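Peer 1: 3D, please:
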Amino acid sequence: MAKKTPKKSKFRQRLTNKFRLVVLNEDTFEERLSFKLTILNIFVFGGVFSIVLVLLTSVLIAYTPIREYIPGYAPTESKKDVAKLVYETDSLKNRLQLLENYTKALIPILSGEHPISEVDFDSLKLNSKPIQVDDKMLNASKNDSIFREKVDSKDRFPLFDKAEDKVDIVFFAPITGNITQDFDVTNKHFAIDIAQKTGTPVKAIEDGRVIFSEWTTETGYVVIIEHGTGFISVYKHNGVLLKKQGDFVKSGEAIATVGSTGELTTGPHLHFELWYNGYPVNPTNYIDFK
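Peer 2: Next comes the predicted model:
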């Protein structure tokens, strides 16, 4: 009896059996190409090709912009935008919380329940930490003290105490009366105070537009007019405001009445300031108040 060939030997033989792949010309049956193949070689070649294909695809996805077209991958710019929006959102939350804290503190003040002096605004700030100051660092050296004396001895602001020639500008007197306090650069009183009866009309010195018309704690009802020629006029301690912000006024038009409002008032009078190109000037050099 013939011996039976083991199954493993048959399987190995099938894997190693040689086959010939021939490419022929269909018309002439001429042999163009031929390959000697085995099933084992086909499996090995297919496995290597698959591995190389997977590696190449992974490299393209990881290191080229092609990954942006694959679902689940976000573009780099989008990630940066998302991170930026996260930071901005967090900042807006902090600002909103701070605004809410201030609003809650202002409600009892506006309603008159608590005076403003009793409110600790610093405690309303988020994550506020007390600043530690070393007193030793505040002690000025000899050279620093000499420098400070030189600065304090000079006027830090170039104020105009003398009138400039403005022959083409004629100002209307806001009110007439006795000047109780003059323009004084030394004492930082950049205005003149004119005493007058309560209710006396306060008039605009020149055509212009009202840029401020509100109540202030220290100076009461205040009106500020921008005249478009570099001049700004300021009227403080008024009793009643006749114009509102944004109104256009003519020279000599009543804008308020004399009063005694504000914490710094000393009686019925007009505190009048005149500014030119951002600097205070002496109103008596431009206007006759008598």
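Peer 1: how about the nearest residue to residue 255, chain neighbours excluded?
Peer 2: With Cβ to Cβ, 6 or more residues apart in numbering as the criterion, residue 255 has its nearest non-adjacent residue at 4.7 Å, and that residue is residue 243. Glycine gets a C-beta too; all of them are placed from N, C-alpha and C.
Peer 1: and the pLDDT for that neighbour?
Peer 2: Per-residue confidence (pLDDT) for residue 243: 94.
Peer 1: phi, psi of it?
Peer 2: Main-chain torsions, residue 243, degrees, to the nearest 10: phi -130, psi 160.
Peer 1: what does residue 20 give?
Peer 2: phi -120, psi 120.
Peer 1: if we can go back for a sec, in this structure the residue nearest to residue 255 contacts residue 250, no?
Peer 2: No. Look at residue 243 against residue 250 with Cβ atoms under 8 Å: they stay out of range, at 11.1 Å.
Peer 1: have a look at these two and say which one is more surrounded.
Peer 2: Neighbour count, other Cβ atoms under 10 Å: between residue 243 and residue 250, residue 243 has more, with 18 against 11.
Peer 1: enumerate every residue touching that one.
Peer 2: 210, 213, 223, 249, 255-256 (Cβ atoms under 8 Å, 6 or more residues apart in numbering).
Peer 1: in strands, which of these fall?
Peer 2: 210, 213, 223, 249, 255-256 (DSSP state E).
Peer 1: mind listing the strands for the stretch 1-150 of the chain?
Peer 2: Listed in chain order, the strands of the stretch 1-150 of the chain (DSSP state E, counting those that start in this stretch) span residues 18-24, 31-38.
Peer 1: just send those back as JSON lines, with distance to residue 204 too.
Peer 2: Below are the strands of the stretch 1-150 of the chain laid out as JSON lines (distance: least, Cβ to Cβ, whole Å):
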{"stretch": "strand 18-24", "distance to residue 204": "104"}
{"stretch": "strand 31-38", "distance to residue 204": "104"}
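Peer 1: which among these is found nearest to residue 188?
Peer 2: strand 31-38 (103.3 Å; Cβ to Cβ).
Peer 1: what stretches of the chain score poorly on pLDDT?
Peer 2: In the predicted model of the chain, residues 1-8, 67-77, 79, 109-142, 149-168 satisfy pLDDT under 70.
Peer 1: where do the helices of it begin and end?
Peer 2: Taking DSSP state H to define them, one finds helices in the chain at 7-16, 39-63, 76-110, 135-138, 142-153.
Peer 1: now do the first one: distance to the chain's middle.
Peer 2: Meaning helix 7-16. Its chain's average C-alpha position is 80 Å from that of helix 7-16, according to Cα atoms, centre = their mean, to the nearest Å.
Peer 1: helices or strands up against that helix?
Peer 2: helix 39-63 (3 or more Cβ pairs under 8 Å, 6 or more residues apart in numbering; DSSP states H and E).
Peer 1: if we can go back for a sec, how far away is the residue nearest to residue 255 from residue 270?
Peer 2: In this view, residue 243 and residue 270 are 15 Å apart by Cβ to Cβ, to the nearest Å.
Peer 1: packing partners for the longest strand along the chain?
Peer 2: For the chain, the strand that runs over the most residues, judged by DSSP E, is strand 231-241. Judged by 3+ Cβ pairs under 8 Å, 6+ apart, strand 231-241 is in contact with strand 208-216, strand 220-226, strand 254-258, strand 269-276.
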